[in-house]
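Visitor: sequence unknown, structure follows:
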């Protein structure tokens with residue numbers, strides 16, 4: 001989907017900003033979360049969409065199904 005950032009994926013090369021504790025919040029939503037959070041914004045359709053996590057050279061725990069992926073939480 002076209003979007004104002006011309007961004008279709010988000011990763012360590014897109015300029016993610018860490019929180020003060022080292023964690024990272026990614027905003028997957030239709031509207032901008034605000035200028036201070038746009039570096040971590042993945043624009044999404046207002047309608048249904050599919051979210052995919054692509055892992056390159058995953059660790060053994062991922063391959064065995066033991067890795068606990070970070071939660072996706074709806075806010076607001």
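Guide: Ah, there it is. Model, not experiment: these values are computed from the prediction.
Visitor: which residue ranges form the helices in this structure?
Guide: 60-63 (DSSP state H).
Visitor: ok, now which ones touch the most centrally placed residue in the chain?
Guide: The residue lying closest to the centre of the chain (C-alpha atoms, centre = their mean) is residue 26, at 4.2 Å. The contact partners of residue 26, taken as C-beta atoms under 8 Å, 6 or more residues apart in numbering, are 10, 16, 40-42. (Glycine included, C-beta is placed from N, CA and C.)
Visitor: likewise for residue 59?
Guide: residue 67.
Visitor: same check on residue 45?
Guide: 1, 30.
Visitor: rewinding a little: if I look at the residue nearest to the centre of the chain, how far off is residue 63?
Guide: 24 Å (C-beta to C-beta, to the nearest Å).
Visitor: check residue 9 too.
Guide: 23 Å.
Visitor: same question, residue 6
Guide: For residue 6 relative to residue 63 (C-beta to C-beta), the value is 34 Å.
Visitor: comparing the two, which residue is more hemmed in?
Guide: Counted by other C-beta atoms under 10 Å, residue 6 and residue 63 do not tie: residue 63 has more neighbours, with 10 against 7.
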